[in-house]
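**Q** have a look; sequence and predicted model below, questions after that.
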Amino acid sequence: MTSGEKTTSDAPRIVSDVVCAFCGLGCDDLEVAVAGRRVTPRKACAEAARLLARGEAAPPGPRIGGAPADLPQAAAAAAGLLSAARATAITGLGADLEGLRRLYDLAMTGGASFDHAASPGLFANLERLARRGWIAATLAEVRNRCDVLVVLGDDPAPAFSRFFERAVPHAAMGAGADAAPLFVARSLKRRIVIVGGALGEASRRALAGHEVAQIPVPADGIATAAAALAAFLAGRDVDGLAGMDGATAAALAELAGLLKAARYGVLTWNAASLPPADAAAVAGAAADAVDLLNVATRAAVFPLGGRDNVTGAHQLALWRFGYPLRTVVGAGTARHVPDLYATEAALADADLVLHACAFRPDPPPDFAGGPVIALAHPDTVFVREPDVFIPVGTPGVDHAGHVFRMDSVVCLPLQALRPQDLPSMADAARAILAAMGGRAA
Ligand code: SF4
């Protein structure tokens, strides 16, 4: 039994301090009750509760063309498809680090491009980060230092439900709230400014102890508003910015003054929830604003993202190949062409899809250009039965593993909560690799 577990003879085993791998925030204070195969969340956000809950039912076994098979048979069938393919696209990429390592082994052995289901937001941010860099805060720095937090875009809560609780805790959240921050009093009223839509009820509750203001801006106006904020910080006027009404311009000018007077301002946004054509511009303007602020005070960006370990998939690709996601590898070479190897583009040229998705039952993308191999969550409902399906366990539920938090600086250990009946993503990929005669790196 680990230190986080409590049990009496017949009662379910209570496991506390469970680390969550789903949205990227990396909460590590969840609690579940485990009885046999059943996992019942006791303390978790709605998303984590949905994805952690498990019943007693035995999981499905592997299938080949819809017919039951064992793991060696399914691995051999997948190996045959991978060896025969001309252009394999690996999609989803929702796996812990060990699973990703073995998927990248498969890509190297059979030749394949790879992309993550959550990478559009990541690549919008990389447009700025890769070209000019930026000054970014960790989650700990936000909670411990930030006195003015600016949200560019709509309420982050639908995608990151505990963001405000984790980033700007306050005594008003009560004893159940996250641990006290350092360097700022837990009773400090921070200034929170939303440049976007109205906050939902849960976020208003989480921020009840702070001073919250909203500058109403529609989704398609966020990029202009962010550019205006950067322009005010640079001492320029905003006459050339189309669609900026006087009241909004005045509110943004006031926000620029607030940030200049702040000790540690933070600008955050969720690139995945912004209009795709504007997300990179918002990230660029936020980074510009932070550059300008750091001449006289301190400020940082805190981009939201990291769903299903996309941060780990990105980091691992950089370490392993020297390129980020949206790269094709094989025969000892790697070629990074984001426009060609983003999932949608890669599917247009592929003759085989290997869909890897261990965290949630998301089916493979639509694909009619050839066979589909799915190394996927056991509850996945397929529109088209995969040619090979190997159900895999979920990291942090069925087996241990590691994932990266959204700010890239913390690699979180996940524990197994129940007996492992399913192969992990790494087990499944390793079995396919062995059937192909390949070797793990
Ligand atoms: S907010 Fe994210 S990391 Fe935290 S419990 Fe919910 S899904 Fe998990």
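**A** On my side now, so go ahead.

**Q** helix or strand with the lowest mean pLDDT in this structure?
**A** Using mean pLDDT, DSSP states H and E, strand 5-6 stands out as the lowest-scoring helix or strand of the chain, at a mean of 57.

**Q** next secondary structure after that strand?
**A** Beyond strand 5-6 on the C-terminal side, the first helix or strand identified by DSSP states H and E is strand 13-18.

**Q** what is that following strand packed up against?
**A** When contacts are defined as 3 or more Cβ pairs under 8 Å, 6 or more residues apart in numbering; DSSP states H and E, strand 13-18 packs onto strand 5-6, strand 30-35. Backbone N, C-alpha and C define where each C-beta goes, glycine included.

**Q** the closest residue to A75 other than its chain neighbours: what's it in contact with?
**A** Excluding its sequence neighbours, the residue lying closest to A75 (Cβ to Cβ, 6 or more residues apart in numbering) is A431, at 3.7 Å. Applying Cβ atoms under 8 Å, 6 or more residues apart in numbering to A431 gives the contacts L71, P72, A75, P423.

**Q** now do the buried residues in the helix or strand encompassing A431.
**A** Applying DSSP H and E as the criterion places A431 in helix 425-436. Burial within helix 425-436, assessed by neighbour count using 16 or more other Cβ atoms under 10 Å, is assigned to M425, A426, D427, A428, A429, R430, A431, I432, L433, A435, M436.

**Q** now do stretch 282-295
**A** Neighbour-count burial for stretch 282-295 flags V282, A283, G284, A285, A286, A287, D288, A289, V290, D291, L292, L293 (criterion: 16+ other Cβ under 10 Å).

**Q** do the same with stretch 58-71
**A** For stretch 58-71, by 16+ other Cβ under 10 Å, it's G61, P62, R63, I64, A69, L71.

**Q** looking at those, which are in strands?
**A** The strands, defined by DSSP state E, take in R63, I64 from these.

**Q** got a markdown table for the buried residues of stretch 58-71, with pLDDT and distance to N144 too?
**A** Compiled in a markdown table, these are given as follows (pLDDT from 0 to 100; distance: Cβ to Cβ, whole Å):
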| residue | pLDDT | distance to N144 |
| --- | --- | --- |
| G61 | 97 | 48 |
| P62 | 98 | 47 |
| R63 | 98 | 50 |
| I64 | 98 | 53 |
| A69 | 98 | 52 |
| L71 | 98 | 47 |
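
**Q** residue numbers of the stretch 101-250 of the chain in contact with the ligand?
**A** F160, S161, R162 (Cβ under 6 Å from any ligand atom).

**Q** mind redoing it with 8 Å?
**A** Within the stretch 101-250 of the chain, the positions near the ligand by Cβ under 8 Å from any ligand atom are F160, S161, R162, F163, R166.

**Q** among the residues you listed, which are in helices?
**A** Judged by DSSP state H, helices contain the following of those: F163, R166.

**Q** ok, and what's touching the host helix or strand of L129?
**A** Element membership for L129, per DSSP H and E: helix 119-132. Contact with helix 119-132 is made by 116, 134, 270-274, 276, 279-280, 283-284, 287, 303, 305, 310-311, 313-314, 324-326, 338, 342-343, as judged by Cβ under 8 Å, 6+ apart.

**Q** pretty sure A271 sits against V282.
**A** Yes. If you go by Cβ atoms under 8 Å, A271 and V282 touch, sitting 7.1 Å apart.

**Q** residue ranges with poor pLDDT in the stretch 1-150 of the chain?
**A** 1-10 (pLDDT under 70).

**Q** let me know the angle separating the top helix by length along the chain from helix 119-132.
**A** In the chain, with assignment by DSSP H, the single longest helix is helix 276-293. Angle of helix 276-293 versus helix 119-132, following axes from the mean of the first three to the mean of the last three Cα atoms, to 10 degrees, is 40 degrees.

**Q** after helix 276-293, which helix or strand is next?
**A** Scanning forward in sequence from helix 276-293 by DSSP H and E, the next helix or strand is strand 298-304.

**Q** quick one: list the elements packing against that next one.
**A** Secondary elements touching strand 298-304 (3+ Cβ pairs under 8 Å, 6+ apart): helix 139-145, strand 264-270, helix 276-293.

**Q** of those, which is nearest G401?
**A** Nearest to G401 among the helices and strands packed on strand 298-304 is helix 139-145; the distance by Cβ to Cβ comes to 20.4 Å.

**Q** counting contacts, what elements does the closest one pack onto?
**A** helix 163-167, strand 264-270, strand 298-304.

**Q** and the helix holding L129, which residues are buried?
**A** Buried residues in helix 119-132, defined by neighbour count with 16+ other Cβ under 10 Å: S119, P120, G121, L122, F123, A124, N125, L126, E127, R128, L129.

**Q** before we move on, what about stretch 101-113?
**A** Within stretch 101-113, the residues scored as buried using 16+ other Cβ under 10 Å are 101-113.

**Q** export the residues you listed as a markdown table, with columns for distance to D349 and secondary structure.
**A** Output for the buried residues of stretch 101-113, formatted as a markdown table (distance: Cβ to Cβ, whole Å; DSSP: H, G, I helix; E, B strand; the rest coil):
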| residue | distance to D349 | secondary structure |
| --- | --- | --- |
| R101 | 26 | helix |
| R102 | 24 | helix |
| L103 | 20 | helix |
| Y104 | 20 | helix |
| D105 | 23 | helix |
| L106 | 19 | helix |
| A107 | 16 | helix |
| M108 | 19 | helix |
| T109 | 20 | helix |
| G110 | 16 | helix |
| G111 | 13 | coil |
| A112 | 12 | strand |
| S113 | 9 | strand |
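
**Q** who are the contact partners of the closest residue to the ligand within the stretch 101-250 of the chain?
**A** Proximity of the stretch 101-250 of the chain to the ligand (Cβ to the nearest ligand atom) peaks at R162, 3.8 Å away. For R162, the contact set (Cβ under 8 Å, 6+ apart) comprises L25, C27, C45, A206.

**Q** quick check: phi and psi at the residue nearest to the first one when sequence neighbours are not counted.
**A** Once flanking residues are discounted, L25 sits nearest to F160: 5.5 Å by Cβ to Cβ, 6+ apart. Backbone geometry at F160, expressed as degrees, to the nearest 10, gives phi -140, psi 80.

**Q** A441 - how many residues pack around it?
**A** Under the neighbour criterion other Cβ atoms under 10 Å, A441 is assigned a count of 10.

**Q** if you drop the residues flanking it in sequence, what lies closest to it?
**A** Using Cβ to Cβ, 6+ apart, the nearest residue to A441 is D105, at 5.6 Å.
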